[in-house]
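> Prediction below, plus the sequence it came from.
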Amino acid sequence: MKILKYLLFLILGLYLVGFILPSKMHVERSLKTKADPAQIFPFVNDLKNWGQWDPWIQKDPNMKTEYRATTSGVGGGYKWTSNHKEVGNGEMEITESVDNEKIATKMNFGDQGSASGLFALKKEADGTKMTWSMDSDNSTMSLFSRPIGNYMNFMMDGWIGAEFEKGLANLSKIAEAAPMPAAGKIIETIMSEVKDIHVIQIESSCALTAVGEKLGELYGRISKKIEENKLTVAGAPMAMYPDYKPGDTNTKLIAMMPTTAKCTKQCDADMKCYTIPASKVVKCTYQGPYEGNNVAYGAIKKYIDDNKLQAAGEPWEAYTNDPEEVKDPSKFETVVYWPVK
């Protein structure tokens, strides 16, 4: 009986001690990498890319994810569901995003509480210092639950610090292997409208390094078909890259040539006649090397968020000058169109 009494006093004492433990938790880890911030940022700023380096996602290959329409930049988010005891359920949203510098997130773990996260990149002489941190505050928890939450905070550094270290090591490895984004500039980002665009298109895939060569081959075939069908080219050659994510080494692509009238004759087995429907679009004009035009997509996503619009279809690119004539990659011009509503 005395043992039970002492045990009860011990439990009560530990419970009361929980009230004086810090209610705030901060876990932080840093790692130096040879990669440039511009190589790292796409893997952090787009939540669809976290699966390539986040240790918790990699713990459970059967984890179910539900992505928002936007997954990168401010407002990007997703939910996850997992039966793995170290992963659980939750949701994450990007609340702040500064190109090549940082992203801030908020996380909701349901009855396990909430937290905020920060991923910061600091450019240094021979690489980048990456810092991953997480903070939470139990002061808003119920009086009964607060001591338990404070004990968890007390032990959190040991629990998740090692996982942060694994994640940073994974990220360093893939970022160092990623190509350095080329420099370019945004000329303008505006709201516009397009009428129906009749195109002849071919879908294919190739290594990212072979995109230019592959598009040249496909445009040649399409141009021949346009001539055979006695159609007229109605604008610059175009392309879509469905499902592409920064860091991919291969990509699907759809090469398209616009025509003044709809093709009505039989095309080759892998060649289709299609009409891109009239719509409102956000239009971004980018000047610079083609491999750097991801900044145009980032500018459009920001415009969509700032103006409370919604993406309403796949974006496409138009190459409005000829690299065989312009020669200088810094003068190449790409216009990106993204349907919105």
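Looks like it arrived, so ask away.
> Any idea what the residue nearest to the spatial centre of the chain is bridged to?
Central residue of the chain (CA atoms, centre = their mean): residue 46, 1.8 Å from the mean position. Beta bridges link residue 46 to residue 72, judged by DSSP bridges.
> residues in contact with it?
Residue 46 sits next to 71, 72, 76, 245, 246 when contact means CB atoms under 8 Å, 6 or more residues apart in numbering. Glycine gets a C-beta too; all of them are placed from N, C-alpha and C.
> Need these in a markdown table (columns: pLDDT and distance to residue 327).
Shown next, in a markdown table, are those (pLDDT from 0 to 100; distance: CB to CB, whole Å):
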| residue | pLDDT | distance to residue 327 |
| --- | --- | --- |
| 71 | 88 | 36 |
| 72 | 87 | 33 |
| 76 | 90 | 37 |
| 245 | 76 | 31 |
| 246 | 69 | 27 |
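> Which one of those residues is nearest to residue 107?
Using CB to CB, the shortest approach to residue 107 within those belongs to residue 76, at 13.2 Å.
> check contacts around that closest one.
Contacts for residue 76 were tallied using CB under 8 Å, 6+ apart; they are 45, 46, 47, 68, 70, 93, 94, 97.
> What's the ChimeraX line that selects buried ones from the residues you listed?
Here is the ChimeraX command that picks out the buried ones among the contacts of residue 76, judged by 16 or more other CB atoms under 10 Å:
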select :45,46,47,70,93,94,97
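> Make TSV out of the contacts of residue 76 and add distance to residue 264 and pLDDT.
Shown next, in TSV, are the contacts of residue 76 (distance: CB to CB, whole Å; pLDDT from 0 to 100):
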residue	distance to residue 264	pLDDT
45	44	92
46	41	91
47	43	94
68	40	90
70	38	83
93	48	96
94	46	94
97	46	89
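> Closest one to residue 209 out of the contacts of residue 46, please.
Using CB to CB, residue 246 is the member of the contacts of residue 46 that sits closest to residue 209, with 14.8 Å.
> Around residue 34, count how many other residues there are.
Look at residue 34: counted by other CB atoms under 10 Å, it has 11 neighbours.
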